[in-house]
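Asks: what's the 3D shape of this:
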Amino acid sequence: MNQEEQFLEMLENHKGILYKIANAYCRDAEARRDLVQEMTYHLWKSFGNYNDTYKHSTWIYRIALNVAISFYRKDHVRKEHTDILTDSILNLKGTEVPAESDQHLLLLQQFISELREMDKAVMLLYLEEKSHKEIAEIVGLSESNVGTKISRIKTILAQKFSTFKNQF
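Replies: Numbers count the residues shown, from 1 in each chain. Sure, this is the predicted structure:
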């Protein structure tokens, strides 16, 4: 099997990682497609340097998250001048009210999207049920730092849910 075939097979087996990261960092469908394309490009560019001491998924997460964070920074600056309310209204037209559990999931996604970039990456990996060790390898932190971050992020998210519930 040549390098291109190996890459395509690996990408097919782990493409869900790219879509999960894109969904966490981009709300707009077109931006998500652009981000997935950018992550794929960087994975291909780096494939020749893949270190097989890491699992493919760990390697993919590391590269994809770095690309997503850079993409998010550029996209965030670009969108600072757009009208978020107008976008929200356009996106809500014709949609049904989601069930309560769906609303909670949407809220969780919103709250996670509001986190700092590194915290967002850590929480995304945590929700993927990655071990502290795997998360540490992917994001470049110590295991104990990962545990501390997860604990703090959970507290922040719990406070946001509590505040939201108290408003309604």
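Asks: in the helix or strand hosting residue 146, what counts as buried?
Replies: Secondary-structure assignment from DSSP states H and E places residue 146 in helix 143-167. Using 16 or more other Cβ atoms under 10 Å as the test for burial, helix 143-167 gives 146, 149-150, 153, 156-157, 160. C-beta here means a position set from N, CA and C on the backbone, and glycine is covered the same way.
Asks: From those residues, pick the one nearest residue 120.
Replies: residue 153 (8.9 Å; Cβ to Cβ).
Asks: quick one: pLDDT of the residue nearest the centre of the chain?
Replies: Closest to where the C-alpha atoms of the chain average out (Cα atoms, centre = their mean) is residue 21, at 3.1 Å. Per-residue confidence (pLDDT) for residue 21: 91.
Asks: Could you do residue 53 as well?
Replies: In this model, residue 53 is scored at 87, pLDDT.
Asks: where's it relative to residue 119, distance?
Replies: Look at residue 53 and residue 119: by Cβ to Cβ, to the nearest Å, they are 27 Å apart.
Asks: So those two - more neighbours on which side?
Replies: residue 119 (17 against 7; other Cβ atoms under 10 Å).
Asks: is it true that the more buried one touches residue 153?
Replies: Yes: contact criterion Cβ atoms under 8 Å: residue 119 and residue 153 qualify, at 5.3 Å.
Asks: got a list of what the residue nearest to residue 54 when sequence neighbours are not counted touches?
Replies: Among residues not flanking residue 54 along the chain, residue 137 sits closest, at 7.0 Å (Cβ to Cβ, 6 or more residues apart in numbering). Applying Cβ atoms under 8 Å, 6 or more residues apart in numbering, one finds that residue 137 lies in contact with 54, 58, 62.
Asks: among these, which ones are buried?
Replies: Buried among these by 16+ other Cβ under 10 Å: 58, 62.
Asks: Tell me which of the contacts of residue 137 fall in helices.
Replies: In helices, judged by DSSP state H, the following of the contacts of residue 137 are found: 58, 62.
Asks: Can you lay out the contacts of residue 137 as JSON lines showing distance to residue 35?
Replies: As requested, the contacts of residue 137 are exported to JSON lines (distance: Cβ to Cβ, whole Å):
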{"residue": "54", "distance to residue 35": "22"}
{"residue": "58", "distance to residue 35": "20"}
{"residue": "62", "distance to residue 35": "16"}
